[in-house]
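>>> coords please:
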Amino acid sequence: MEKMLSLLGISSLDELSADPGNNPGLDEEIESNELKEIIKNSMARLSEICQKILVAFYYEELSMQDISRQLNLANEDVAKSKKYQCKKELERLVKQALK
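Numbers count the residues shown, from 1 in each chain. Reported below is the predicted structural model:
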């Protein structure tokens, strides 16, 4: 869950909660499961290249150089730029789903 939140630039579930003063427990677990589903669905809406870049960087923890080689991108700067664009698109999709 922490990797998914960091992917979106969020440090905790409280940042997404309408009422951050909630008592942790079942509500937080439900929110966590809902957020996982939203992120999963949002990832599925991204282009294949975006999915590959984000998974490679955030989950497989590959370097940008390795990602650029693996995906046949010109260089790591191209991979960095594409990762930034993909992350912004994912953020947009998640925020849209949370409305």
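>>> would you mark the buried spots in the top helix by length along the chain?
Ordering each helix of the chain by length in residues (DSSP state H) puts helix 76-98 first. Neighbour-count burial for helix 76-98 flags 76, 79-80, 82-83, 86-87, 89-90, 93-94 (criterion: 16 or more other Cβ atoms under 10 Å). From N, CA and C alone the C-beta is placed, and that goes for glycine too.
>>> so which of those residues is the closest to residue 67?
Residue 67 has its nearest neighbour among the buried residues of helix 76-98 in residue 79, at 4.8 Å by Cβ to Cβ.
>>> what stretches of the chain score poorly on pLDDT?
For the chain, the stretches with pLDDT under 70 are 1-30.
>>> can you give me the helices in it?
Counting by DSSP H, the helices of the chain are 2-7, 26-45, 48-54, 64-70, 76-98.
>>> one step back: any chance of the buried residues of helix 76-98 in TSV, plus distance to residue 41?
Shown next, in TSV, are the buried residues of helix 76-98 (distance: Cβ to Cβ, whole Å):
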residue	distance to residue 41
76	30
79	25
80	26
82	21
83	20
86	16
87	16
89	14
90	11
93	8
94	9
